[in-house]
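Trainee: coordinates only, sequence not included:
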């Protein structure tokens, strides 16, 4: 369906429904790992000045592995759900695995169909619809940019 | 209301070509005029006519086109001066907009201030009436003080009064708040400032588009506003100031246009207003700015004010009836710039969902971060009306909010 076929006032906008899937709204309203963190080894705060989204990412890295992870912050459903879903996936991963995941996720948001089809992403594929909304991509990437900032190649 | 003064919104809408376009396959519902208004054909045509037939540089009068360009530029200044009730066009300085106007005052007039001097502002100021003063405070050590709001969301004039003292040099306030929609009692505040020998600067960016402004009646000393919020082009605005102030102030920028004589050692400044207009000005934009004032005058402010008041009241009736709708600022006696929250849907999500219904609103802090902090919110959605907004567009906004609520599965 394209936009011109969508009737006024209805919910028959496939891209919009894809963007606001139940799983995303669930993470927005009941964020996982939004808490204090014991023995934090890495922490950073990043924001999107234009929209006011803020994410604090906290990592507890032990022996090259993310032993625990949490976040704090405020902002739109996309930024907060992306952060919540990211923390669920990162816990227990090695730093290298986390960065590889981050790369695939970022490519998916930039519209790379191969990345979007990657099974490695799992639940994170729920955020694939953001790629259709270019102004919202930075919302979805905010938490991942925090991760890159903390343990990425330039950290 | 005298029916001969009533505004015919369909006729007004026909003047704005952009209002007939579609966005995402839906008719455009433009509710972001407080950020920037749309332009009527009359303004577009005036600029196009100037560029096609009359353009040259101004004030170089050696040939016919330069005379015509100068007449167009200075003619716009004269009409715009009258438009805001100024008696003398030389008190009317063209700038890039409200922001540059306030920076001009902060740099030029502000150069005479020193540590210990105080500037009183309000928490509802746009960043453009805060940051230039913070920069001045860094340069000269002046102290900034901020007046708060009443519980209803209006300026707390008693607080302003309590902040003004013998060290106050300037009181700066917005005429109309770009988030709360309230009109501030400028004359009352200007008198409080004058009682201690201080000046009063007014940010008129959100006022001039919507109501007749008379700088004399306001009793202020500086008045800044922009063309692009009042149906004119971007890139141009104005600073009005009393003659003796402008004459005493040093130039803001140096270059051509603003000098009467240049020697290698030093130069003499041109008379006002040209002393503050260094370089070739935005001539086509000045023509469009003047045409915008003419357009608003031809539609008539009595009709514009009545139409916007009626529409604001209609919008508030419909919006306040929605479960989960929370308005910022008072619900009566306000202009049609409506900041709100809707359930637990973040403003940015609302803007995306409404955009897909063709409804353009603003989301974020509206260049009002200190006010957002004061209100304890990180972002709000904002729908703003103008003379071309129709009741049908308010209905479209309400329908789009229903869509948002459905997408979010209702509110908890």
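Mentor: Now that the structure is in, tell me what you want to look at. Computed from a predicted structure; not experimentally measured.
Trainee: CA atoms for contacts and neighbours, from now on please.
Mentor: Fine.
Trainee: pLDDT wise, what is the most centrally placed residue in chain A at?
Mentor: Most central in chain A under CA atoms, centre = their mean is residue A:82, positioned 2.6 Å from the mean C-alpha point. We have a pLDDT of 98 for residue A:82.
Trainee: any weak-confidence spans in chain A?
Mentor: Segments of chain A classed as low confidence (criterion: pLDDT under 70) are A:1-11.
Trainee: can you rerun that using 50?
Mentor: For chain A, the stretches flagged by pLDDT under 50 are A:1-9.
Trainee: One more: chain B?
Mentor: In chain B, residues with pLDDT under 50: B:1-3.
Trainee: residues touching the residue nearest to the centre of chain A, list them.
Mentor: By CA atoms under 8 Å, 6 or more residues apart in numbering or on different chains, residue A:82 lies in contact with A:24, A:124, A:127, A:140-141, A:143.
Trainee: Please list which of those residues are also close to chain B.
Mentor: Near chain B, judged by CA under 8 Å from any CA of the partner chain, there are no entries from the contacts of residue A:82.
Trainee: Chain A contacts on the stretch 251-400 of chain B?
Mentor: Within the stretch 251-400 of chain B, the residues that sit near chain A (CA under 8 Å from any CA) are B:345-349, B:353, B:356-357, B:363-365, B:378-379, B:399-400.
Trainee: mind checking which helix or strand the residue nearest to the centre of chain A is in?
Mentor: helix A:77-90 (DSSP states H and E).
Trainee: elements contacting the following helix or strand past that helix?
Mentor: As assigned by DSSP H and E, the chain's next helix or strand after helix A:77-90 is helix A:95-109. Contacts defined by 3 or more CA pairs under 8 Å, 6 or more residues apart in numbering or on different chains; DSSP states H and E place helix A:95-109 against helix A:113-116, helix A:137-151.
Trainee: try 10 Å this time
Mentor: Helix A:95-109 makes packing contacts with strand A:65-74, helix A:77-90, helix A:113-116, helix A:137-151 when contacts are defined by 3 or more CA pairs under 10 Å, 6 or more residues apart in numbering or on different chains; DSSP states H and E.
Trainee: returning to what we had before: select from the contacts of residue A:82 the one having the most neighbours.
Mentor: Greatest neighbour count in these, by other CA atoms under 10 Å in any protein chain shown, goes to residue A:143: 31 neighbours.
Trainee: ok, now which ones touch that residue?
Mentor: A:44-47, A:54-57, A:71, A:73, A:79-87, A:102, A:149 (CA atoms under 10 Å, 6 or more residues apart in numbering or on different chains).
Trainee: Any idea how many residues pack against residue B:170?
Mentor: Neighbours of residue B:170 (other CA under 10 Å): 24.
Trainee: partners of the helix or strand harbouring it in the sheet?
Mentor: Taking DSSP H and E as the definition, one finds residue B:170 inside strand B:168-174. If you go by DSSP bridges, strand B:168-174 pairs up with strand B:118-122 (parallel), strand B:199-203 (parallel).
Trainee: How far does the first one sit from its chain's centre?
Mentor: This means strand B:118-122. In terms of CA atoms, centre = their mean, to the nearest Å, the centre of strand B:118-122 is found 19 Å from the chain centre.
Trainee: chain center to the next helix or strand after it, what's the gap?
Mentor: Going down the chain from strand B:118-122, the next helix or strand is helix B:131-140, by DSSP H and E. Chain-centre distance of helix B:131-140: 22 Å, with CA atoms, centre = their mean.
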